[in-house]
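Novice: give me a model of this one.
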Amino acid sequence: MSVKLELGSGKPPSIGTGLAVLDYLIGELATSARIRLSLEVAPGAVDEAVAAAGRGVGEALAPLLRAPGATGNGFAWLPADEALAGAILEVSDRPLVASNVDFSGVGGLGRDVVAVFLRELAEGAGLNVHVRVLEGKDPQHVLRAIFKALGAAIGQACRTPEGER
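Specialist: Modelled structure (predicted):
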């Protein structure tokens, strides 16, 4: 597996997990976070690839979340068409993901691929993550709103608060 992650936008993310839908969602996260991300996961079983992707992105984020001046916490509410989702997070010694969404089989993904990715991301980065969906009927829109909100919250958590520059 190969992960390169740094603050800044402009360069489109390069994601290869073996699951096109997950690649797209991680790309949405990176774009909303305003991070440059390159992620390549070796081909293999879906569950292993998803876990490796989540863990790899989380571990790459950990130093940015704990860098001097980084807030270490963030929140965002973002839409995707009719869906509206929010993500609130903070650096924590007890990482977890709490959500009001059942991710099993959402968006055409088998099993709980999204839940596995989010759990591994939280554990790898050392984050307490709360995800809430306020609106949304179309599963793809709901997932996109979640990843956009999570990305924006991560981007906020990795940066210096306004006014303290």
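
Novice: tell me the mean pLDDT for stretch 48-67?
Specialist: Mean pLDDT, computed over stretch 48-67, is 96.

Novice: ok, now how distant is Lys137 from Ala20?
Specialist: Noted for Lys137: a distance of 22 Å to Ala20, by C-beta to C-beta, to the nearest Å. C-beta coordinates here come from the backbone N, C-alpha and C atoms, glycine included.

Novice: wait, His141 touches Ala85, no?
Specialist: No: here His141 does not reach Ala85: they are 9.3 Å apart, not a contact under C-beta atoms under 8 Å.

Novice: out of the two, which sits in the busier spot?
Specialist: Ala85 (28 against 19; other C-beta atoms under 10 Å).

Novice: so for that one, what's the pLDDT?
Specialist: 98.

Novice: dihedrals phi and psi, it?
Specialist: phi -130, psi 150 (degrees, to the nearest 10).

Novice: can you pull the contacts of it?
Specialist: Ala85 makes contact with Trp77, Leu78, Val131, Arg132, Val133, Leu134, Gly136, Val142, Ala145, Ile146, Lys148, Ala149, according to C-beta atoms under 8 Å, 6 or more residues apart in numbering.
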